[in-house]
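Novice: what follows is a predicted structure for the sequence shown.
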Protein chains: 2
Amino acid sequence: MPDRILIVDDEKMLTELLSGHLQECGYDTLVANDSRSALRQLQKEPDLILLDINMPGVDGLELCRNIRNHVSCPILFLTARITEQDKINGLQFGGDDYITKPFSLKELTARIAAHLRRDKRNRNRASVLTAADGLIVNLTKRRVFCGEKEIRFSRKEFDLIELLLRYRGQIFDKERLYEAVWGLDADGDSSVVKEHIRKIRIKLREAAGREYIETIWGVGYRWKE
Amino acid sequence: MPDRILIVDDEKMLTELLSGHLQECGYDTLVANDSRSALRQLQKEPDLILLDINMPGVDGLELCRNIRNHVSCPILFLTARITEQDKINGLQFGGDDYITKPFSLKELTARIAAHLRRDKRNRNRASVLTAADGLIVNLTKRRVFCGEKEIRFSRKEFDLIELLLRYRGQIFDKERLYEAVWGLDADGDSSVVKEHIRKIRIKLREAAGREYIETIWGVGYRWKE
DNA sequence: GGAAAAAGTCAAAATATTGTCAAATTTCCG
DNA sequence: CGGAAATTTGACAATATTTTGACTTTTTCC
């Protein structure tokens, strides 16, 4: 199946041109001329996004961040201005690469190909963890299923689950959990961990009717093997 | 002996600065301003490496992989850009953590200390001890098995077992046991030890039907060989 | 053998740690 | 901005562990 590329730019002329060229190169294309339409197109799960960050009336970086919240595919910025500062900003907001206008179609397709290749390589890596009783944790999509049913977890909850499950059977003391999920600097309030563990347990118990996380009294927690 | 930290960055100014600061913190430092020199410095067996992955003319990730082939110590990346993608790539290439420029010296030293601590813990810890009659003590999981059966021990109980078993045959007087498990400051009653030993014995006796801990009258205890 | 010292036993009391809940605060998104 | 969701916080309850002390048993040594 061909890769799907989403092109976001307010200039219709440009999106048409790119769309045509990329189709000739064997890609499927999606087009959006404004940010609302761009967000809608995400549901079609593009494999890569070309994003103009200088569209009038739209903060391109904000849009990028927004997009990043929904998909994990590479995002390439199309832009005229390109200071070092912009570059850093852009990458911080979840972009993967910059392409300065004007650019040659040859360069563009080369970069697209490179990013798709790289992304695929990374994606193949074990991105799913499984546990007893049909519990499935999709790491890239950050979604958890118990059989048919999806269990929704917040960010921190998911991070905790990922860590515990990835090294199931290992004990993590509360400090280390805090360190891993909140960052090394954090002065450890372990009561936060405790509360998050509780939330996780409730959701898992409700969906799977089973306890997955064990308390190691005086030490910390671990995911049962 | 102080830990040795290798700093790899093309900016002399930065390496000087870091080197100075880390020395003040009590570390030994090694410096390399290019990749060839970095590889040479590995022979001096650093305990931790700070690596700039954006040095001109050098593929930092490739260098990292190369380094990883020679040493097993923690590698921390110093980097300006820090996308999720980079992070994944970096960790794939054998890095252990990222530190984004600009960073505070305080943060840097905190992370260095954390990694050194963790690395040491992992290194000098045989993770499983075994004893007669199929008794198995898993130190990282803090679990004890007698054949199929698991025996549950509380924290202090486990700590005592670990100490006695690790140095089996050696006699520990009660003060020393107390000191080791409760901490150096602890004033007082080593009669607590006696009660804990009793609990341990009961559990072991019940599961293994056998005595493992011997009383050295007038002195203390030891794990039978 | 018998006294003294040391170690073992037991259960109750004290303490430490974790679980729960609700409210306060922050973050996220449109 | 405003509301919803997520996160944090603190008070309190529920538990598990640890400590204590009174008492018994064992060992040592004269």
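Specialist: That came in fine, so what should we check first?
Novice: near chain B at all, stretch A:106-116?
Specialist: No - with Cβ under 8 Å from any Cβ of the partner chain as the criterion, chain B is not reached by stretch A:106-116; the gap is at least 9.1 Å. To be clear about C-beta, it is placed using only N, CA and C from the backbone, and glycine gets the same treatment.
Novice: what's the mean pLDDT across that stretch?
Specialist: For stretch A:106-116, mean pLDDT rounds to 83.
Novice: then stretch A:168-179?
Specialist: Averaged over stretch A:168-179, pLDDT sits at 87.
Novice: now do that stretch: distance from first to last residue.
Specialist: The first residue of stretch A:168-179 is 18 Å away from its last residue (Cα to Cα, to the nearest Å).
Novice: what are the contacting residues of it?
Specialist: Residues from elsewhere that reach stretch A:168-179 (Cβ atoms under 8 Å, 6 or more residues apart in numbering or on different chains): A:131, A:160, A:163-164, A:180, A:186, A:188-190, A:192-194, A:216, A:219-225, B:114, B:140-142.
Novice: let's see 7 Å
Specialist: With Cβ atoms under 7 Å, 6 or more residues apart in numbering or on different chains as the test, stretch A:168-179 has contacts from A:160, A:163-164, A:186, A:188, A:190, A:193, A:216, A:219-223, A:225, B:140-142.
Novice: ramachandran coordinates for the residue in chain A positioned nearest to DNA strand C?
Specialist: In chain A, the residue that lies nearest DNA strand C is A:T215 (3.8 Å; Cβ to the nearest atom of the strand). Dihedral angles phi and psi of A:T215 (degrees, to the nearest 10) take the values phi -90, psi 130.
Novice: do you know the pLDDT at the residue nearest to it when sequence neighbours are not counted?
Specialist: Excluding the flanking residues, the one nearest A:T215 by Cβ to Cβ, 6 or more residues apart in numbering or on different chains is A:Y221, at 5.9 Å. On pLDDT, A:Y221 comes in at 96.
Novice: my guess is A:Y221 contacts A:I213, does it?
Specialist: Yes - taking Cβ atoms under 7 Å as the definition, A:Y221 is a contact partner of A:I213 at 5.5 Å.
Novice: one step back: any bit of whatever helix or strand the residue nearest to A:T215 lives in sitting next to DNA strand C?
Specialist: In this structure, A:Y221 is located in strand A:220-223 according to DSSP states H and E. Yes - Strand A:220-223 comes into contact with DNA strand C (Cβ under 7 Å from any atom of the strand), by way of A:G220.
Novice: other SSEs contacting that strand?
Specialist: On a contact count with 3 or more Cβ pairs under 7 Å, 6 or more residues apart in numbering or on different chains; DSSP states H and E, strand A:220-223 meets helix A:155-166, strand A:172-173, helix A:174-182, strand A:213-216.
Novice: quick one: which of the ones you listed is nearest DNA strand D?
Specialist: Using Cβ to the nearest atom of the strand, the nearest of those to DNA strand D is helix A:155-166, at 3.6 Å.
Novice: report whether the closest one contacts DNA strand D.
Specialist: Yes - Helix A:155-166 lies within reach of DNA strand D by Cβ under 7 Å from any atom of the strand, at A:R155, A:K156, A:E157.
Novice: where neighbours are concerned, which of the residues you listed has the most?
Specialist: Of all the residues of helix A:155-166 next to DNA strand D, the most densely surrounded is A:E157 (18 neighbours; neighbours counted as other Cβ atoms under 10 Å in any protein chain shown).
Novice: report pLDDT for that one.
Specialist: At A:E157, the model reports a pLDDT of 95.
Novice: cool, A:K12 as well?
Specialist: You'll see A:K12 listed with a pLDDT of 90.
Novice: give me the number of residues near it?
Specialist: Counted by other Cβ under 10 Å, the residues lying close to A:K12 total 10.
Novice: for the closest residue to it other than its chain neighbours, which residues are in contact?
Specialist: Distances taken as Cβ to Cβ, 6+ apart place A:N33 nearest to A:K12, at 6.1 Å, with adjacent residues excluded. Counting by Cβ under 7 Å, 6+ apart, A:N33 touches A:D9, A:D10, A:K12, A:T15.
Novice: pretty sure the last one is touching A:V31, no?
Specialist: Yes - counting by Cβ under 7 Å, A:T15 touches A:V31, with 4.8 Å between them.
Novice: out of the two, which sits in the more crowded spot?
Specialist: Higher neighbour count among A:T15 and A:V31: A:T15, with 20 against 17, using other Cβ under 10 Å.
Novice: tell me the buried residues in stretch A:133-144?
Specialist: When burial is assessed from 16 or more other Cβ atoms under 10 Å in any protein chain shown, stretch A:133-144 yields the following buried residues: A:L135, A:V137, A:L139, A:V144.
Novice: since that was my last question, I'll sign off now.
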